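1. coords below, sequence missing:
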């Protein structure tokens with residue numbers, strides 16, 4: 001089933017319509033901003049609404065914030081203009097862009113600290129997590145186990161982990177019992193409740209559970225991480241008014257540098273800032289989609 005979904009995504013990547021070339025630009029009266037449900041939707045919405053108010057003030061126009069029901073529906077929201085701006089993970093962005101429904105304007109940045117030295121990165125990784133008492137030690141041990149995955153449009157919760165499994169000769173259709181969940185926090189929850197043996201998530205999704213489950217990191221462990229993944233995007237409608245695109249870009253960069261608003265942004269997706277980017281930066285995602293569709 002997932003193979004067919006990836007094949008559909010590949011067809012969109014290769015033959016996506018470019019109807020944005022013939023459309024006139026438009027300027028919405030209310031800017032609709034949508035977020036992917038990488039964590040509990042109600043919690044995420046509560047975190048996102050303050051950002052909507054800040055954005056409204058910066059742009060001097062009404063802003064409506066909403067949470068997509070899934071990774072797939074946020075792409076459809078961009079296609080049908082139910083969203084003007086979207087926080088799109090790399091795979092979802094590629095899918096939307098190659099349907100002529102989205103242009104990337106910004107990439108998210110993350111602050112990391114190694115040996116006391118802080119740096120800013122424009123990539124992240126996926127991870128495989130097991131319970132502390134699990135006998136699973138490495139990727140090869142996952143064969144014939146239950147694994148929690150996200151939808152096929154999730155880069156760190158599906159595309160890259162599945163790619164790593166395939167590199168190790170593991171077929172997710174034949175060699176695994178897949179459990180599809182909505183939200184990386186849900187994947188970790190399923191793991192600690194022993195509903196699955198392994199959870200594939202972004203690194204480190206366990207942070208979202210520490211408040212309610214302080215021992216989550218002590219009772220689980222990471223057995224492997226994926227290759228580097230281009231950071232999430234802030235994308236806009238392809239035919240959005242050019243000046244408004246630039247205003248949105250400037251507003252997000254400005255807000256990410258202000259101490260108070262940066263804290264709000266950090267609580268939503270752990271973003272530490274934003275920087276300009278372009279579509280070419282996500283060609284590696286297209287290669288992953290193409291490779292997996294051949295399996």
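-> Structure received. The structure presented is a predicted model; accordingly, all values stated were derived computationally and were not measured.
2. CA atoms for contacts and neighbours, from now on please.
-> OK.
3. go through the chain and flag its longest helix.
-> Assignment by DSSP state H gives helix 41-59 as the longest helix of the chain.
4. for it, which helices and strands make contact with it?
-> Of the remaining helices and strands, those touching helix 41-59 by 3 or more C-alpha pairs under 8 Å, 6 or more residues apart in numbering; DSSP states H and E are strand 63-67, helix 242-257, helix 259-269.
5. show me which residues of whatever helix or strand comes next after the first one are buried.
-> Per DSSP states H and E, strand 63-67 leads on to helix 71-79 as the next helix or strand towards the C-terminus. The neighbour-count criterion (16 or more other C-alpha atoms under 10 Å) identifies 71, 72, 74, 75, 76, 77, 78, 79 as the buried residues of helix 71-79.
6. the second one and residue 208, how far apart?
-> The span separating residue 72 from residue 208 equals 22 Å under the rule C-alpha to C-alpha, to the nearest Å.
7. repeat for residue 235
-> Look at residue 235 and residue 208: by C-alpha to C-alpha, they are 24 Å apart.
8. so for the two, which residue has more residues nearby?
-> residue 235 (27 against 18; other C-alpha atoms under 10 Å).
9. what about the longest helix of the chain, distance to the chain center?
-> Centroid displacement of helix 41-59 relative to its chain, using C-alpha atoms, centre = their mean, to the nearest Å, is 18 Å.
10. so where is the stretch 151-295 of the chain shaky, pLDDT-wise?
-> For the stretch 151-295 of the chain, applying pLDDT under 70 flags the ranges 294-295.
11. sorry, back to before: among the buried residues of helix 71-79, which one sits closest to residue 61?
-> residue 78 (19.7 Å; C-alpha to C-alpha).
12. isn't the closest one right up against residue 99?
-> No: look at residue 78 against residue 99 with C-alpha atoms under 8 Å: they stay out of range, at 9.6 Å.
13. how about the strands in the stretch 51-200 of the chain?
-> 63-67, 85-88, 103-114, 117-121, 123-124, 126-131, 146-149, 177-180, 198-202 (DSSP state E, counting those that start in this stretch).
14. direction included, what does the fourth one pair up with?
-> Strand 117-121 sits in its sheet next to strand 103-114 (antiparallel), going by DSSP bridges.
15. so which bits of the partner strand are buried?
-> 103, 104, 105, 106, 107, 108, 109, 110.
16. export the residues you listed to CSV and tack on pLDDT and distance to residue 149?
-> Output for these, formatted as CSV (pLDDT from 0 to 100; distance: C-alpha to C-alpha, whole Å):
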residue, pLDDT, distance to residue 149
103, 97, 27
104, 98, 26
105, 98, 28
106, 98, 27
107, 97, 24
108, 96, 23
109, 96, 24
110, 90, 23
